[in-house]
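Undergrad: generate coordinates for the sequence data below:
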Amino acid sequence: MSRVKLLIFALVLAAIAAGFYFVPRKRPFESYAGRAAEAFQLKEFERSIELYLKALNLYPQHSRTAEVLLTIGDIYNFSLGNSEKAGKAYDMVTTRFPKTPQARKAFAHAAEMYEKGEQFQNALLSYQGIIDQFPDSEGLDQVRLNVAMMAVKLGKYEPARRTLMGIIEQSPETPIADQVLYQLGNVFFMEGASKHAIEVLRVASEKYKDSPLYTEMLFTMGNAYEEIGQIDNATKVYKAIRHTYPNPRVVENKLEKMEDRLRQTKQMEARVKQAAKLANQAQTLHGAESQPETRKSGFRGRKKDRKIDKSFLEMMEGEP
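TA: Numbers count the residues shown, from 1 in each chain. Modelled structure (predicted):
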């Protein structure tokens, strides 16, 4: 073999060797995941996501795929504040891996994210996803309460009321019974069913005197009494919490309002009596029969009170 051929052969071998050593090799999944975790620790969030995505692209069937998708969603959610991309990542977890622990976390993180961003419909669907996909998991009463509260935010009072009553009926001794009853009273009040609101809140305030919501229960009860024109009862309730309510000035304003309404009521009653007296005098003087019209006083509720199952209240009046 000539020197020229030997030289060419040597160059070819050198080129092959150079290609072997300098062409990047395919990194293993754990390598990308490890580098992504390091980037996250350095607060290089976009770089971290990029590395996680490379790992998923190269190893789409890896056993840690659900975990990585959840992590990507969390980075977009908690670190970058990008709810749109976080939502897409969470959706991929719940769609592709619906029965995994990662899916439950994805539903929960998405629901909290949407609720914080006042996307109440999306939050409701995410909370409901937990109930549908994980019916035997712990903490479902709280999730059902969250579903009801999202419905309230959307103005869907009837389904919210049914959900709240369902929690108590299925689990009367649930640890969050005080919260559920308080919110149920609120829903009745917002529906215009003030009498039912009073019944529920009376049971709740008597049964859960140590609840952090105790004064709120009484405050809403006072509002309900006020709504149906029972000013004396409203005044008693407001006086009971005037020194314990978180914002005492609000209660003082309510009491001042009650005093004004009582004074106006007494003035009106006095005018009615005076008018009746004058009418009787006129009838006596002229010898004519008179049927003075009297106008019934009272306050009309916003909506007709809805029916309430009495067995529900009887059940809740038991000892805690």
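Undergrad: and residue 59, how far from residue 121?
TA: 35 Å (CB to CB, to the nearest Å). The way it works is simple: take the backbone N, C-alpha and C, and place the C-beta from them, glycine included.
Undergrad: ok, these two, which is more surrounded?
TA: Comparing residue 59 with residue 121 by neighbour count (other CB atoms under 10 Å), the higher total belongs to residue 59, at 18 against 13.
Undergrad: pLDDT on stretch 60-73, on average?
TA: What stretch 60-73 shows for mean pLDDT is 97.
Undergrad: got phi/psi on residue 199?
TA: Torsion angles at residue 199 (phi, psi; degrees, to the nearest 10) stand at phi -60, psi -50.
Undergrad: how many other residues sit next to it?
TA: Using other CB under 10 Å: residue 199 sits among 20 other residues.
Undergrad: count the residues that sit near residue 37.
TA: 14.
Undergrad: how about it, what does it touch?
TA: residue 48 (CB atoms under 8 Å, 6 or more residues apart in numbering).
Undergrad: kindly recompute the last result at 7 Å.
TA: Contacts for residue 37 (CB atoms under 7 Å, 6 or more residues apart in numbering) come out as none.
Undergrad: give the helix, strand or coil label for it.
TA: Following DSSP: H, G, I helix; E, B strand; the rest coil, residue 37 is assigned to helix.
Undergrad: distance between the lengthiest helix in the chain and the chain's centre?
TA: Ranked by residue count, the top helix of the chain under DSSP state H comes out as helix 248-286. With CA atoms, centre = their mean, to the nearest Å as the basis, helix 248-286 stands 43 Å off its chain's centre.
Undergrad: what helices and strands are in contact with that helix?
TA: Where contact means 3 or more CB pairs under 7 Å, 6 or more residues apart in numbering; DSSP states H and E, helix 248-286 is packed against helix 231-240.
Undergrad: with just CA atoms, put the helix it packs on into PDB.
TA: In PDB, the C-alpha atoms belonging to helix 231-240 read as follows (Å, rounded to 0.1, in the frame of the first residue of the first chain):
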ATOM      1  CA  ILE A 231     -85.900  43.400  65.200                       C
ATOM      2  CA  ASP A 232     -86.000  42.400  68.900                       C
ATOM      3  CA  ASN A 233     -84.400  39.000  68.200                       C
ATOM      4  CA  ALA A 234     -81.800  40.600  65.900                       C
ATOM      5  CA  THR A 235     -80.900  43.100  68.600                       C
ATOM      6  CA  LYS A 236     -80.500  40.400  71.200                       C
ATOM      7  CA  VAL A 237     -78.100  38.400  68.900                       C
ATOM      8  CA  TYR A 238     -76.100  41.500  68.000                       C
ATOM      9  CA  LYS A 239     -75.700  42.400  71.600                       C
ATOM     10  CA  ALA A 240     -74.500  38.900  72.400                       C
END
